[in-house]
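In: No sequence on hand, only this structure:
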Ligand code: ADP
Ligand code: MG
């Protein structure tokens, strides 16, 4: 019997590949416009007919192609954007696979016209079903025009699969928005047949959003948005989030990373949780969020149509994202004078006690502020009296606010690292949590009932976070409206100099206002409602003390003092999400058994012990 395996002709191979890359007219639009962006164009015109089924044309004023490149561009795996495998880890362009044009040319009739600025004449190539029909020299403007006609002309089954004009058109517009929103400096013109549907002048993010979506809305979109901005060593986040009262059933929600649209359900959750209790469960806020990260820290290669992106520092970015949005919402609710929109008169009251701000709803807590811990109230203590045996040595007594003024705790820190209890975290995630006496979180684990002291758990979480911020210099700052003044004597000023940089790393900002005098104009965004000056004085005193005991690192002293000042208090009621979040974060800590000063964070009441009480 003769051999039966043979290579497929290019036309067939390209058609198969096209099935992945080109699903509908919108995919053609995306690929062509992205190529125009990659070619450095600052003007791009799009023309469609019959929702792109008969015609899609993209004209740009980018760098154009040489005669040879114009032919090469249609070969599969032909690209000018990467050369070797290692380039895959530093992608700055939209395209890199070299598949799009080969795919389009396999399933449509394509006419390319292109000229580079340094050449007098351009070139025209006509290709359909992977066959080149014509190639000639022409007169044309600098830049490139791709005309794509009769999509799927040679794949009738695919053509029949296309949806109604309205559906295909909305896909086209969605792709257009995803590119136009993140390239505001590029001018766009979008024609549907003879109608001009968008003319977007070069602008900035804010105006581009308004120009695209503004006309659909009653109120100016800009007045509905709060700006967000955070810069850390692993990510820079910019953009806008909707004010809670403008949440809607079908919101505009866009994430971009390094100039590319992305879907990211995990980061979406980080945004949504920041709105917890501020909006109705059936509604969702608008957001337009732009991430910049080192291209080496993301993998854009995981999905052929490239909208899902894997991040190296996903968890850290999650927390930064969540804190950034909370901060913006917190500022908006607390500080009336900070407003995104400077040019229009405010149309709504920013006073958060005004019920008009948020839609009235039964489960709405008007005092909720995601940014601040609520006032401390000492809880009742009868629980310990009754069940003291579950907590060792009465350490379950609530720590009150004044605790963070104590510095002596460091001298007696026990060695605890080796005594970690192993908790089955999978078991934890599926469990339902309860709060007991607004002080403990109760949850199921395999061996019994787990009780977590919420205040101590939070101290551990914040302690590790502040320590890592000191190391990585990525603390989130919160500006304060009226700077506090720190006045030091010359001795304290020496110790202050020693810790100043660490404090800046976690989010403080100081401005010299004379000899030994500083204005404090920003504080770490995690910090609760505390007296900033006495906190700073405590940290200076703590540093002094650590100097006398060289075993202790002053980093830890600072981190613990900050953590104790910021931690949620006993007596504070928590939502299900907050409890979940606390549990997840606690068990991601390097040490989750004890607070840094050696207090038990959680205890497990064995199933047997519970059973034994039911005799
Ligand atoms: P990729 O974008 O992944 O490189 P494509 O198939 O989309 O692959 O394009 C192939 C090549 O054709 C690109 O790498 C680029 O060099 C060239 N090209 C495509 N479109 C344009 C354009 N509008 N202007 C200039 N060059 C282009
Ligand atoms: Mg491309």
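Out: Arrived safely. The model shown is predicted, which means the values in this text are computed figures rather than measured ones. Ligands and ions are numbered 1, 2, ... in the order given.

In: List the strands paired with the top strand by length along the chain, with their directions.
Out: Under DSSP state E, the strand in the chain containing the largest number of residues is strand 477-487. When pairs are called by DSSP bridges, strand 477-487 turns out to pair with strand 517-524 (antiparallel).

In: so residue 555, which of the three states?
Out: At residue 555 the chain is in helix, as set by DSSP: H, G, I helix; E, B strand; the rest coil.

In: isn't it right next to residue 467, touching?
Out: Yes: counting by Cβ atoms under 8 Å, residue 467 is a contact partner of residue 555 at 6.3 Å. Backbone N, C-alpha and C define where each C-beta goes, glycine included.

In: the more surrounded of these two?
Out: residue 467 (22 against 16; other Cβ atoms under 10 Å).

In: who's in contact with the more buried one?
Out: 555, 556, 559 (Cβ atoms under 8 Å, 6 or more residues apart in numbering).

In: give me every residue that touches the closest residue to ligand 1 within the stretch 351-500 of the chain.
Out: Relative to ligand 1, the nearest point of the stretch 351-500 of the chain is residue 474 (33.7 Å; Cβ to the nearest ligand atom). Residues near residue 474 by Cβ under 8 Å, 6+ apart: 232, 233, 234, 316, 320, 468, 505.

In: again with residue 206
Out: Residues in contact with residue 206, defined by Cβ under 8 Å, 6+ apart, are 222, 225, 227, 240.

In: Now for these: which two are most distant?
Out: By the measure Cβ to Cβ, 222 and 227 form the most distant pair in those, at 9.8 Å.

In: residues from the chain in reach of ligand 2?
Out: Residues of the chain found near ligand 2 (Cβ under 5 Å from the ion) are 35, 95, 100.

In: Which one (most neighbours) among the residues you listed?
Out: residue 100 (24 neighbours).

In: What is the neighbour count of residue 134?
Out: 9.

In: sorry, back to before: possible to save the contacts of residue 206 as a markdown table with distance to residue 163?
Out: Listed next are the contacts of residue 206 as a markdown table, based on distance: Cβ to Cβ, whole Å:
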| residue | distance to residue 163 |
| --- | --- |
| 222 | 34 |
| 225 | 32 |
| 227 | 37 |
| 240 | 32 |
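
In: can you list the residues you listed in a markdown table and add pLDDT?
Out: Below are these laid out as a markdown table (pLDDT from 0 to 100):
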| residue | pLDDT |
| --- | --- |
| 222 | 72 |
| 225 | 91 |
| 227 | 93 |
| 240 | 96 |
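
In: SS state for residue 228?
Out: Residue 228 ends up strand, using three-state DSSP.

In: Tell me where the stretch 1-150 of the chain has helices.
Out: Along the stretch 1-150 of the chain, counting by DSSP state H, counting those that start in this stretch, helices occupy 10-21, 25-38, 67-72, 100-107.

In: Also the stretch 201-350 of the chain?
Out: Using DSSP H, counting those that start in this stretch, helices in the stretch 201-350 of the chain cover 205-213, 221-224, 265-274, 314-334.

In: Which of those comes out lowest on mean pLDDT?
Out: Among the helices of the stretch 201-350 of the chain, helix 221-224 carries the lowest mean pLDDT, at a mean of 80.

In: buried sites along that helix?
Out: By neighbour count on 16 or more other Cβ atoms under 10 Å, the buried set for helix 221-224 is 221, 222, 223, 224.

In: Looking at those residues, which is nearest ligand 1?
Out: residue 221 (30.8 Å).

In: Quick check: the closest one vs residue 252, distance?
Out: 8 Å (Cβ to Cβ, to the nearest Å).

In: repeat for residue 11
Out: 41 Å.

In: try residue 535
Out: For residue 535, the distance to residue 252 - Cβ to Cβ - is 40 Å.

In: So between those two, which is more surrounded?
Out: Taking other Cβ under 10 Å, residue 535 and residue 252 do not tie; residue 535 has more neighbours (22 against 19).
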